[in-house]
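>>> can't give you the sequence, but here's the structure:
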């Protein structure tokens, strides 16, 4: 069944775009077109689409903020579900000194951090300055040396292949360094985050300090997908890349950032082919000179152009 037919049979009446350039939806500004991109506005609508697509065996890709993503030049075949309109936030205050914030998968992580600081809720400050959405942050177990999403999650609500909601504990997702075991065909619909009431000025200052630190050490004014490679056990990827003499290396308009060598950046006209070639150069050089294997932290999807 074609992607358009799946949407029609699901009773989808929201926005859908044909041949939508993925470069408009990724922080790298790279990527060919999505065959069809749909923007569901609620979990019921999302569930109907997911269920029909699963029964049909159709290709479905769930798109969050596009901040940890490299889309190849040929784009993405089939249906891309843009989660951006699942963007609610509400809070449930408990009696045991904690509060639980419920956030839709499409909520920008920065917006959620600001909401928590404005409302005097502490625990998510580590996420200040991390790009992307709540759904993506859960799927990738986003974090820093300070903490990760798994440390603050109370529960995660998934839309399963059958289109039904399933609330799971973080432990069921086997969350580890930069990964979560989301069941195949399922997608994060909502995250419930356990936080502690705290003076909001103190929370805001910690958020501001984390953002200042990121701006001082990471290239914020150029297109990137964040950290390109995972840190191997016992090592920092940026340090290995620097030791291998790759700072500033370029292929086409893709470059190893001079400011932070684990950020590969788009200088303005890079293609996915450029970016993949530069990633290969980095991996091969680090392996040859230091005998350490780097693994991508970013997700690579789509077909070659």
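Structure's in. What do you need? Because the structure is predicted, anything quoted here is derived from the model rather than measured.
>>> what about the residue nearest to the spatial centre of the chain, helix or strand, and which?
Closest residue to the average C-alpha location of the chain: residue 136 at 3.5 Å, with C-alpha atoms, centre = their mean. Taking DSSP states H and E as the definition, one finds residue 136 inside helix 134-139.
>>> Show me what the helix or strand following that helix pairs with in its sheet, parallel or antiparallel.
Counting by DSSP H and E, the next helix or strand C-terminal to helix 134-139 is strand 153-159. Counting by DSSP bridges, the strands paired with strand 153-159 are strand 165-168 (antiparallel), strand 187-197 (antiparallel).
>>> Need the nearest residue in space to residue 46, chain neighbours excluded.
Counting by C-beta to C-beta, 6 or more residues apart in numbering, residue 46 lies nearest to residue 40, which is 4.4 Å off, once chain neighbours are set aside. Every C-beta, even on glycine, is put in place using the N, C-alpha and C of the backbone.
>>> List the contacts of the one you found.
12, 14, 46, 49, 81, 83, 85-86 (C-beta atoms under 8 Å, 6 or more residues apart in numbering).
>>> okay, now the domains of the chain?
Here the domain parsing of the chain from automatic domain parsing is 3-82, 89-215, 219-301.
>>> who wins for neighbours among the contacts of residue 40?
residue 86 (28 neighbours; other C-beta atoms under 10 Å).
>>> That residue and residue 104 touch, don't they?
Yes - at 3.9 Å, residue 86 counts as touching residue 104 under the criterion of C-beta atoms under 8 Å.
>>> Find residues that contact each of these two.
In contact with both residue 86 and residue 104: 135, 189-190, using C-beta under 8 Å, 6+ apart.
>>> What distance do you get for the residue lying closest to residue 217 once chain neighbours are set aside to residue 229?
Spatially, and ignoring its direct neighbours in sequence, residue 217 is nearest to residue 260 (6.1 Å; C-beta to C-beta, 6+ apart). Distance, residue 260 to residue 229, using C-beta to C-beta, to the nearest Å: 12 Å.
>>> Please apply the same query to residue 89.
Taking C-beta to C-beta, one finds residue 89 at 32 Å from residue 229.
>>> ok, the two, which is more surrounded?
Comparing residue 89 with residue 229 by other C-beta under 10 Å, the one with more neighbours is residue 229, at 23 against 15.
>>> thought the more buried one was touching residue 295?
Yes - counting by C-beta under 8 Å, residue 229 does reach residue 295; the two are 6.5 Å apart.
>>> ranges for the strands of the stretch 1-150 of the chain?
Remark: strands assigned in the stretch 1-150 of the chain by DSSP state E, counting those that start in this stretch are 15-21, 33-39, 60-63, 69-71, 76-82, 89-93, 99-104, 121-122.
>>> Within the sheet, what are the partner strands of the last one, with directions?
In this case it means strand 121-122. Strand 121-122 is paired, per DSSP bridges, with strand 187-197 (antiparallel).
>>> Next, report how far the strand it pairs with is displaced from the centre of its chain.
Averaging C-alpha positions (C-alpha atoms, centre = their mean, to the nearest Å) puts strand 187-197 16 Å from its chain's average.
>>> That strand - what's its average pLDDT?
Confidence for strand 187-197, expressed as mean pLDDT, is 97.
>>> neighbouring contacts of that strand?
43, 46, 50, 62, 81, 83, 86, 93, 97-105, 112, 116, 120-124, 134-135, 137-139, 149, 152-159, 165, 182.
>>> Packing partners of the helix or strand that it is followed by?
Moving toward the C-terminus from strand 187-197, the first helix or strand encountered (DSSP H and E) is helix 200-217. Contacts defined by 3 or more C-beta pairs under 8 Å, 6 or more residues apart in numbering; DSSP states H and E place helix 200-217 against helix 109-118, strand 121-122.
>>> where's the residue sitting furthest away from the middle of the chain relative to residue 199, distance?
The outermost residue of the chain relative to its centre, with distances by C-alpha atoms, centre = their mean, is residue 95 at 32.8 Å. Computed with C-beta to C-beta, the distance linking residue 95 and residue 199 is 20 Å.
>>> same thing with residue 110?
Counting by C-beta to C-beta - residue 110 and residue 199 are separated by 21 Å.
>>> Could you check which of these two has the larger neighbour count?
Taking other C-beta under 10 Å, residue 110 and residue 199 do not tie; residue 110 has more neighbours (18 against 10).
>>> just the strands of the stretch 1-150 of the chain: most buried one?
Comparing those by mean neighbour count (mean count of other C-beta atoms under 10 Å), strand 69-71 ranks first with a mean of 25.
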